[in-house]
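**Student:** Provided below are the primary sequence and the corresponding predicted coordinates.
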Amino acid sequence: MAVSNYHEPYFNIDRENNRIDLSGRSTIEYAYNHYMGIIEKVKEYIKEKPEKVDIHVKLDYFNTTSSKCILDLFKTFREISMLKHNITIYWYYEEDDEDIKEAGMDYSEILTYIKFEFVEF
């Protein structure tokens, strides 16, 4: 049996607590299709008009293709925040993982109207 080297990240919308989780590894071969599905779910959720949404991102690795798709997802959050929704992205990174920390910092510099909180663990 062949083992796939591609990983889809865990994604969940917790409507009761107005929380979105994205975690794990993202090395999907066709990341665009996967993330477009996530973006559509987020757009549907936002139609419920939550006042506040906390987004917890705890990725331990993502490839270049996934990086672009994650940026597209974050741009969706930016559009939502401009509609007066209070959105905070909590970006988790391991103490010694400078690459993941810097990726989060890069996203925070690109995206305006979104509050980023960096959480070291």
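**Tutor:** Yep, it's here.
**Student:** in this structure, which strand is the longest?
**Tutor:** Determined from DSSP state E, the single longest strand within the chain is strand 52-62.
**Student:** same for that strand, what does it pack against?
**Tutor:** With contacts taken as 3 or more C-beta pairs under 8 Å, 6 or more residues apart in numbering; DSSP states H and E, strand 52-62 sits against strand 19-26, helix 64-81, strand 86-93, helix 98-110. Heads up, the C-betas are built off the backbone N, CA and C, glycines and all.
**Student:** which residues are in contact with the longest one?
**Tutor:** Contacts made with helix 64-81 from outside it, assessed by C-beta atoms under 8 Å, 6 or more residues apart in numbering, are listed as 9, 22, 26-29, 31-32, 34-35, 38-39, 42-43, 46, 53, 55, 59, 62, 87, 89, 103, 107, 110-114.
**Student:** stretch 90-108 now?
**Tutor:** By C-beta under 8 Å, 6+ apart, the surrounding residues in contact with stretch 90-108 are 23, 54-62, 67, 70-71, 74, 89, 114, 116-121.
**Student:** just the CA coordinates of it, formatted as CSV?
**Tutor:** Extracted as CSV, the C-alpha positions of stretch 90-108 are listed here (Å, rounded to 0.1, in the frame of the first residue of the first chain):
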residue,chain,number,x,y,z
TYR,A,90,-3.9,33.7,17.0
TRP,A,91,-0.7,32.4,15.3
TYR,A,92,1.0,29.6,17.3
TYR,A,93,4.6,28.6,16.8
GLU,A,94,7.0,26.4,18.7
GLU,A,95,9.7,28.2,20.7
ASP,A,96,12.5,27.2,18.3
ASP,A,97,10.6,27.4,15.0
GLU,A,98,11.7,30.7,13.5
ASP,A,99,10.3,29.8,10.1
ILE,A,100,6.7,29.4,11.3
LYS,A,101,7.0,32.5,13.5
GLU,A,102,8.4,34.6,10.6
ALA,A,103,5.7,33.3,8.2
GLY,A,104,3.0,34.5,10.7
MET,A,105,4.8,37.9,11.0
ASP,A,106,4.9,38.1,7.2
TYR,A,107,1.1,37.5,7.0
SER,A,108,0.5,40.1,9.7
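**Student:** which parts of it count as buried, going by neighbours?
**Tutor:** By neighbour count, with 16 or more other C-beta atoms under 10 Å as the criterion, the buried positions of stretch 90-108 are Tyr90, Trp91, Tyr92, Tyr93, Ile100, Lys101, Ala103, Gly104, Tyr107, Ser108.
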